[in-house]
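> got a predicted structure plus its sequence, pasted below:
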Amino acid sequence: MQITPLRGPGTTILVVDDDALITLNTVDVLKDLGHTAIEAFSAVEALALMEKHPDIGVLITDYAMPGMNGLELAEAARRLKPDLPVLLTSGYSELPEEQPCAYPRLDKPYREDELAVRLGELLSPKSDA
């Protein structure tokens with residue numbers, strides 16, 4: 001049986017950042033916004049959690065992490081769930097040119113309202129217009 005992830009209020013969101021303070025703060029904000037949030041502190045941990053939690057509906061990941069960066073994690077996550085919405089966060093003003101980014105971005109430090117807006121964009125139904 002395949003579980004279709006919920007998209008909207010109450011979405012299960014996986015937050016990945018090697019900085020524990022950022023991760024836990026983002027998890028708290030997401031819970032305040034009415035979502036279920038799961039934290040991971042590495043890409044390897046995130047991929048393991050994705051296999052254990054088929055209800056994950058969004059991935060929010062930092063770009064700069066040791067071992068596997070956020071773009072690599074996003075691609076690996078999309079191999080598991082091709083339609084998974086991904087939000088890439090970064091403290092850098094630009095990503096390296098050799099790695100073009102097709103994912104929406106949110107620059108750090110970000111405010112709760114900025115995260116809420118970007119998340120709303122990810123969760124809104126796509127229009128075919």
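Okay, I see it. As the structure is a computational prediction, the values presented were derived from the model and not from experiment.
> partner strands of the one helix or strand in the chain whose mean pLDDT sits lowest and their direction?
Least confident element among the helices and strands of the chain, by mean pLDDT, DSSP states H and E: strand 105-107 (a mean of 90). The pairing partners recorded for strand 105-107 under DSSP bridges are strand 86-90 (parallel).
> hmm, who's touching the partner strand?
Here strand 86-90 makes contact (C-beta atoms under 8 Å, 6 or more residues apart in numbering) with 17, 58-64, 70-71, 74, 77-78, 101, 103-108, 110, 118-119, 122. From N, CA and C alone the C-beta is placed, and that goes for glycine too.
> so what's the model's average confidence on the longest strand belonging to the chain?
In terms of residue count, the longest strand belonging to the chain (DSSP state E) is strand 56-62. Mean pLDDT, computed over strand 56-62, is 97.
> contact partners for Asp32?
Going by C-beta under 8 Å, 6+ apart, Asp32 touches Glu112.
> per-residue confidence for it?
93.
> the residue positioned nearest the centre of the chain: what's it in contact with?
With distances taken as C-alpha atoms, centre = their mean, the residue of the chain nearest its centroid is Ile60 (1.4 Å). Shown in contact with Ile60 (C-beta under 8 Å, 6+ apart): 13-16, 26, 86-87, 89, 119.
> could you find the closest non-adjacent residue to Ile38?
Residue nearest to Ile38 in three dimensions, not counting chain neighbours: Leu14, with 5.1 Å by C-beta to C-beta, 6 or more residues apart in numbering.
> how about the helices in the protein?
Applying DSSP state H to the chain gives helices spanning 20-32, 43-52, 70-80, 112-123.
> pull out the buried positions in the longest one.
Right, the one you point to is helix 20-32. Buried positions in helix 20-32, judged by neighbour count with 16 or more other C-beta atoms under 10 Å: 22-23, 26-27, 29-30.
> can you check the third one too?
For helix 70-80, the buried set under the neighbour-count rule, 16+ other C-beta under 10 Å, comprises 70-71, 73-74, 77.
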